[in-house]
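Chemist: just to be clear, the model below is a prediction. Sequence and coordinates:
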Amino acid sequence: MSALSADVIIVGGGFMGAASAFFLRQRGLSVILIERDRVGQHASGVNFGNVRRQGRFLPQLPLANRSREIWGRLPELIGEDLEFLPTGHLRACYSEDRFQMLEDYAAKARHYDLDLELIGRNALHKRFPFLGPDCIGASFSPYDGHANPRLAAPAFARAAVRAGARLFEQTEVLAIDKTDEDFEVTAAKGQVFRGPIVLVTAGAWGNLLSEQFGEPAPLAAHGPQMAVTEPMPYALKPVVGIAATNAEENVYLRQVKRGNIVYGGSRRGPAYPDIRRAYVKPENSLNQFPQLSRLVPALRRLSIIRTWSGVEGYLPDERPIMGPSAKVAGLYYAFGFCGHGFQLGPGVGDVMAELIDRGQTSTPIEDFSIARFQKVVRLSELSQTAGDTPQ
Amino acid sequence: MADPLIAIVGAGPAGLRAAEALVAAGLRPVLIEEGQRDGGQIYRRQPEGFQRGYRDLYGSEAERAARIHELSEELRTKIDYRPETLAWALADQCLQLSHRGRSDNLPFDALILATGATDRIMPLRGWNQAGVFSLGGAQIALKAQACAIGRAPIFLGTGPLLYLVAAQYLKAGADVQVVLDTAPPSRRLAALPQLLSRPGLLWRGLALTAQLRRAGVTLLRGVTPLEILGGEGGLSGLSFRTHGGESKTLACDAVALGYHLRPETQLADLAGCAFHFEPETRQWLPEADAEGRSSAQGVYLAGDNTRILGAEAAELSGRLAALAALEDLGLASDETERRRLVTDLARMERFRKGLVQAFPWPHHFAKSLPDDTVICRCEVVTAGDLRQSLDLTGAKEVNRAKAFSRVGMGRCQGRYCGHAAAEVIAAAQGVPLETVGRLRGQAPVKPLPVATERVVA
């Protein structure tokens, strides 16, 4: 086997690629991980850092549960905890009909082994006195939490490399060709990588590669509108989100141990995959302010010190693409996580490794097949499946 | 066609001269000033009600200061003047202006950035204690508030400001015993030919040091600072090594430190201006042509935010940038005058290069900073934390190192620690400084209260 061959060539060194590389090595497969820029530099490194299960598309919960189990074992697995804090995730609401929705969700989530605690107005304000008076109730997911996205993918990539994976950063893949047996992955600097299996984990750029195999995906790029405040004493333990009635309301926040409050939400911002940049629109920052103050009024007394964004890939049904190619044997995809991939990262890596190693996975992922974009989708079907995936 | 809207950020000598030129061309520019009063740093005005005279406040620069302040009064009704206004973001040819808790947007046809400079800092052990100020901060305390930073301050660093501020404190009655300059004495002599390009300014500088000597102040050159000492009761002293290698500790109750200046470039960065690495000063500067055009369409750079030429040059480059903007907008602009300004500025550029040679940035200190030295004060990241993070992650680029270690992630967004952090990274990883890159600018330019209300048109 030459230096540039491996059992699996992973294209895209975000969280999904790095975690897949790690778990493939755990299973003894040889791995080459290729990243155009630096590992975890794009969506994986700039997102909110939510390790949240509640509120997800219900059939995604088995995957989220599997991932959550790995989050709890990170130090023994990769030697770092990624600042994961299982503080609980609080999903508040401002109206009775949203509370009803939270109740319905909780009832259904129980079938997926996710126990949520519903909290009425009085108990809520007693237990979480920082919430604003408009909050009339909430759903609490006690074992969810948050972690530091800047550390996640690089730590998984380092662990994968320690376990024998070969990492090529600043290596841009131009084309993937399928020869008789192997794939040939050609990079801009002229390297050619060969292997029987290719996994595309290229985030907002994933469709550029799937297209080469006749499997285009209607992937759109958006930028999350993130910001962080100056530090204040660590007091706000759970991640706080809102079961919103409109996009403006939909802000989410968490306090890191250092004391800063990280937040994002409301409207998405512009992202430009071709220049690999995304921006925070100043007016979006200003529009977030009243929503933050409504959710946690004490934030009005703080200043923000930094805003940032990153290029995220979204699909029209707000679900990722994950699983085998529908057309090419040996080709696999895991991209387009629609702004909710961070919690899933370790689980996606584990499931993709299992799928590649065993040809099947014990966790259902059929809903995320790329094949769903190869058929005509009826309008009624689309409106039914448009997932409610608030933060 | 309606008159083009030209916005100027910064009402110091560069911004005011730019406004003057635009008013003369029949325009009514918007002049945005973050502080309460205009004048910039060198010609900073004292608060309303203070009674000190120009000679007391500005010394040899009294007449220039008076002329700038008179100009500002004259312009007041002819421009759209916006004091106490922070230009906190810039996107899509539009500034975001925050004033007294409200934020409005200002679309512009041309933008002149005259945002000045701040102190360039190399940390040392103990610099994060109360009682340690930057040289510029120490000067502002005196000039604006008539307050000294201590009774017996030590002045440490290098650059013209080191001697100027020490002399100002002496004149104000502080017990100034010593000025510690990290520049080796030989560098002055080597820089002399270039410094002679502005004999008047060179003379004023020499007169300052002579004045300090006459007053009995010890001027030490080529020193290596070691530690600022102190405890619960405040600062107690400063230890350093002399040029001859002898270790010494001197008592003090305050320290003012700085290693010349660095441009304030956040808005230029947000505007998408290209930057270049200047090897002599070991820093990234926004690119500008001879007349002040940045690489971004319609964005002009004037004064010390491009390169540190000083207040006199800022007046010229401010005017020049305005004339260049007028030219580009197809309005009357005197080409002969522009050529003359370019020539004058070239002479000042020679002087700047001389200063850079005489007062070098002591980058070599970064390598030997003890691990417990705080680099990033905002996030309390020590040299050891940073080096450990580099060892673990292999980061060789400053934004990457920031993501992993939090260096430069706090309130000042790396404005004070960014240069030192980059030097620590370059030294620790054994790579050239220019490959380490520079911290990317992100809004807000300064902390922005969550209570800020959006003005909806």
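Modeler: Looks like it arrived, so ask away.
Chemist: what residues does the lowest-mean-pLDDT helix or strand in chain B touch?
Modeler: Lowest on mean pLDDT, DSSP states H and E among the helices and strands of chain B sits helix B:54-58, with a mean of 88. For helix B:54-58, the surrounding residues in contact (Cβ atoms under 8 Å, 6 or more residues apart in numbering or on different chains) are B:43, B:46, B:62-66, B:143. Quick note: C-beta positions are derived from backbone N, CA and C, even for glycine.
Chemist: check which element follows it along the chain.
Modeler: Using DSSP states H and E, the helix or strand that follows helix B:54-58 in sequence is helix B:62-75.
Chemist: next, the buried residues of that next one.
Modeler: Residues of helix B:62-75 classed as buried: B:64-65, B:68-69, B:71-72, B:75 (neighbour count, 16 or more other Cβ atoms under 10 Å in any protein chain shown).
Chemist: after that helix, which helix or strand is next? Please name it.
Modeler: Of the helices and strands lying after helix B:62-75 in sequence (DSSP H and E), the nearest is strand B:80-82.
Chemist: direction included, what does that next one pair against?
Modeler: strand B:30-32 (parallel) (DSSP bridges).
Chemist: measure the nearest residue to residue A:191 once chain neighbours are set aside to chain B for me?
Modeler: Leaving aside its sequence neighbours, residue A:191 sits nearest to residue A:4 (Cβ to Cβ, 6 or more residues apart in numbering or on different chains; 6.1 Å). As judged by Cβ to the nearest Cβ, to the nearest Å, residue A:4 and chain B stand 21 Å apart.
Chemist: tell me, how many residues neighbour residue A:4?
Modeler: Residue A:4 is surrounded by 16 other residues when neighbours are defined as other Cβ atoms under 10 Å in any protein chain shown.
Chemist: contacts only, for it.
Modeler: Neighbour list for residue A:4: A:32, A:191-194 [criterion: Cβ under 8 Å, 6+ apart].
Chemist: am I right that residue B:35 is in contact with residue B:84?
Modeler: Yes. In this structure, residue B:35 sits in contact with residue B:84. The criterion is Cβ atoms under 8 Å, and the distance is 7.3 Å.
Chemist: Three-state assignment for residue 180, please.
Modeler: You didn't say which chain, so I picked chain A. coil (DSSP: H, G, I helix; E, B strand; the rest coil).
Chemist: let me rephrase: I mean chain B.
Modeler: Residue B:180 is classified as strand under three-state DSSP.
Chemist: kindly report the same for residue A:288.
Modeler: Following three-state DSSP, the label given to residue A:288 is helix.
Chemist: now do the closest residue in space to it that isn't next to it in sequence against chain B, distance only.
Modeler: Taking Cβ to Cβ, 6+ apart, and ignoring the residues beside it in sequence, residue A:288 has residue A:266 as its nearest neighbour in space, at 4.9 Å. Using Cβ to the nearest Cβ, we find residue A:266 at a distance of 12 Å from chain B.
Chemist: give me the pLDDT for residue A:266.
Modeler: What the model reports for residue A:266 is a pLDDT of 92.
Chemist: sorry, back to before: out of the contacts of residue A:4, which comes closest to chain B?
Modeler: Each of the contacts of residue A:4 was scored against chain B by Cβ to the nearest Cβ, and residue A:32 proved nearest at 18.3 Å.
Chemist: got the phi and psi for the residue found closest to the closest one once you drop the neighbours it is linked to in the chain?
Modeler: For residue A:32, the nearest residue in space outside its immediate sequence neighbours is residue A:6; the separation is 4.3 Å by Cβ to Cβ, 6+ apart. Listed backbone geometry of residue A:6 is phi -160, psi 170, with angles given as degrees, to the nearest 10.
Chemist: tell me how far residue A:6 lies from chain B.
Modeler: Where chain B is concerned, residue A:6 sits at a distance of 21 Å (Cβ to the nearest Cβ).
Chemist: what's the neighbour count on that residue?
Modeler: Here the number of neighbours of residue A:6 (other Cβ under 10 Å) works out to 24.
Chemist: what's the answer for residue B:172, then?
Modeler: Summarising burial for residue B:172: neighbours were counted as other Cβ under 10 Å, giving 14.
Chemist: what does it show for phi and psi?
Modeler: With angles defined as degrees, to the nearest 10, residue B:172 sits at phi -80, psi 0.
Chemist: that one contacts residue B:142, correct?
Modeler: Yes. With contact defined as Cβ under 8 Å, residue B:172 counts as touching residue B:142 (5.8 Å).
Chemist: list residues touching both of those two?
Modeler: If you check residue B:172 and residue B:142 against Cβ under 8 Å, 6+ apart, the residues they both contact are residue B:148.
Chemist: dump the contacts of helix B:54-58 to CSV, plus distance to chain A and pLDDT.
Modeler: Rendered in CSV, the data for those read as follows (distance: Cβ to the nearest Cβ, whole Å; pLDDT from 0 to 100):
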residue, distance to chain A, pLDDT
B:43, 29, 90
B:46, 27, 87
B:62, 38, 91
B:63, 40, 94
B:64, 36, 94
B:65, 33, 93
B:66, 37, 94
B:143, 27, 89
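Chemist: around chain B, pick out the residues from chain A.
Modeler: Chain A comes close to chain B at residues A:38, A:41, A:45, A:150-151, A:154, A:158, A:229-230, A:258, A:279-283, A:285-287, A:289, A:292-293, A:299-308, as judged by Cβ under 8 Å from any Cβ of the partner chain.
Chemist: filter those residues down to the ones in helices?
Modeler: By the criterion of DSSP state H, membership of the residues of chain A next to chain B in helices covers A:45, A:150-151, A:154, A:158, A:282-283, A:285-287, A:289, A:292-293.
Chemist: what is the burial count for the spatially closest residue to residue A:371 that is not a sequence neighbour?
Modeler: Nearest-residue entry for residue A:371: residue A:326, 3.9 Å, with adjacent residues in sequence omitted and distances by Cβ to Cβ, 6+ apart. By the other Cβ under 10 Å criterion, the neighbourhood of residue A:326 contains 17 residues.
Chemist: buried residues in the helix or strand hosting residue B:142?
Modeler: Secondary structure from DSSP H and E places residue B:142 in helix B:135-145. For helix B:135-145, the neighbour count (16+ other Cβ under 10 Å) marks B:135-144 as buried.
Chemist: neighbours around the residue of the stretch 1-150 of chain A found nearest chain B, how many?
Modeler: Scanning the stretch 1-150 of chain A for proximity to chain B using Cβ to the nearest Cβ identifies residue A:150 as nearest, at 4.2 Å. Residue A:150 has 24 neighbours, counted by other Cβ under 10 Å.
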